[in-house]
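S.K.: here is a sequence with its predicted model. Questions after.
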Amino acid sequence: MKFNFFITNDGSPTLRNLEVDELYHSKFGAYLEAKVKYSDALEITKKNDSVIFDVCFGLGYNTAVAIDELKKENKFAKFYCFENDLDVLKQIPDLKYDTFGFKLMQQAVSLFLLGKNDFELEGFYFKFELGDARNLIKKYFDIADFIFFDPFSPKNTPEMWEEEFLKDVYNSTKKEGKIATYSYSRKAKDSFKNAGFLLKDGPVLGRRSPSLIGFKQNFIK
Ligand SMILES: C[S@@+](CC[C@H](N)C(=O)[O-])C[C@H]1O[C@@H](n2cnc3c(N)ncnc32)[C@H](O)[C@@H]1O
């Protein structure tokens, strides 16, 4: 068995990946972390019909929360979901968490598992990119408004935090676009900065260091 089940402090379920020996989310709350470090940090509700890249989709919380936040403001988005592990996607339909966004995200994953790659549901567009995000991202240039960058830690998956990949992520971002990640490690900061992003501290949740936000331009501290 590759996964262990775990309920986080806000009641939302997550998994531990036993091969990487890492939880998919902070123990403080899978849903809460996705809201604070991604949707809130990037202020996604300020824009309608944005293009959101969910890089390292995992159990889909970052997309699920973004749908909930946008729905409150009657706004929509197009989600491009990058993930290389089909096994983790197959766990999603069995998770029990009861928000509109979580259920819509589950429905989208179920359609993907039935063979549909891109489609619209309730006004939200979904496109699934299954495979190594480091290759798949190269297809895209200048289209993402917001990037949720959520790999496992730099210690466990150093290849996901290399400057070369971050440069391709940078190129996929619109000039007024932004990226967020939970890591405040030296590796994350150096690679983001060397790729071209201007950095700002993100929100603090559950530990001392903040998360990280990167701007392509228009940086206001
Ligand atoms: C921390 S988890 C993501 C958690 C996720 N955002 C969520 O809300 O559940 C990291 C994810 O990155 C995926 N991953 C690892 N290497 C990858 C790669 N080269 N390309 C795409 N996804 C990758 C893993 O399979 C895992 O699902």
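M.R.: Structure's in. What do you need?
S.K.: pull the number of nearby residues for the residue of the chain found nearest the ligand.
M.R.: In the chain, no residue comes nearer to the ligand than residue 58, which is 2.7 Å away by C-beta to the nearest ligand atom. From N, CA and C alone the C-beta is placed, and that goes for glycine too. Counted by other C-beta atoms under 10 Å, the residues lying close to residue 58 total 24.
S.K.: so it is in which element?
M.R.: Assigned by DSSP states H and E, residue 58 belongs to neither a helix nor a strand.
S.K.: next secondary structure after the lengthiest strand in the chain?
M.R.: Ordering each strand of the chain by length in residues (DSSP state E) puts strand 173-181 first. Following strand 173-181 in sequence order, the next helix or strand is helix 186-195 (DSSP H and E).
S.K.: list the buried ones in that following helix?
M.R.: 188-189, 191-192, 195 (16 or more other C-beta atoms under 10 Å).
S.K.: stretch 55-72 too?
M.R.: Neighbour counts using 16+ other C-beta under 10 Å place 55-71 of stretch 55-72 among the buried residues.
S.K.: can you tell me the average pLDDT over that stretch?
M.R.: Mean per-residue pLDDT for stretch 55-72: 98.
S.K.: number the chain from 27, please
M.R.: Okay, residue one is now 27; in that scheme the one you just asked about reads as stretch 81-98.
S.K.: what does this protein have sitting close to the ligand?
M.R.: By the rule C-beta under 6 Å from any ligand atom, the part of the chain lying against the ligand is 50, 60, 82-88, 108-111, 114, 158-160, 176-178, 183, 186.
S.K.: run the last query once more with 8 Å
M.R.: Applying C-beta under 8 Å from any ligand atom, one finds that the chain approaches the ligand through 40, 43, 46, 48-51, 56, 60, 80-90, 108-111, 114, 157-160, 162, 174, 176-178, 183, 185-186.
S.K.: which among these count as buried?
M.R.: Among those, those classed as buried by 16+ other C-beta under 10 Å are 40, 43, 49-51, 56, 60, 80-90, 108-110, 114, 159-160, 162, 174, 176-178, 186.
S.K.: now, these that are in helices?
M.R.: Within these, residues falling in helices by DSSP state H are 56, 60, 87-90, 114, 159-160, 162.
S.K.: returning to what we had before: what sits against the residue nearest to the residue of the chain closest to the ligand when sequence neighbours are not counted?
M.R.: Closest residue to residue 84 apart from its sequence neighbours, by C-beta to C-beta, 6 or more residues apart in numbering: residue 50 at 5.0 Å. If a contact means C-beta atoms under 8 Å, 6 or more residues apart in numbering, then residue 50 has 40-43, 56, 84-85, 114 as its contacts.
S.K.: ok, residue 50 to residue 130 distance?
M.R.: Noted for residue 50: a distance of 19 Å to residue 130, by C-beta to C-beta, to the nearest Å.
S.K.: which residues touch the residue of the chain closest to the ligand?
M.R.: Taking C-beta under 8 Å, 6+ apart as the test, what residue 84 contacts is 50, 109, 114, 176.
S.K.: tell me the one of those residues nearest residue 73?
M.R.: Nearest to residue 73 among these is residue 176, at 20.0 Å by C-beta to C-beta.
S.K.: what is the neighbour count of residue 241?
M.R.: Residue 241: 18 surrounding residues under other C-beta under 10 Å.
S.K.: how many residues are close by the residue lying closest to it once chain neighbours are set aside?
M.R.: Nearest non-adjacent residue to residue 241, counting by C-beta to C-beta, 6+ apart: residue 224, 4.6 Å away. Applying other C-beta under 10 Å, we find 16 residues neighbouring residue 224.
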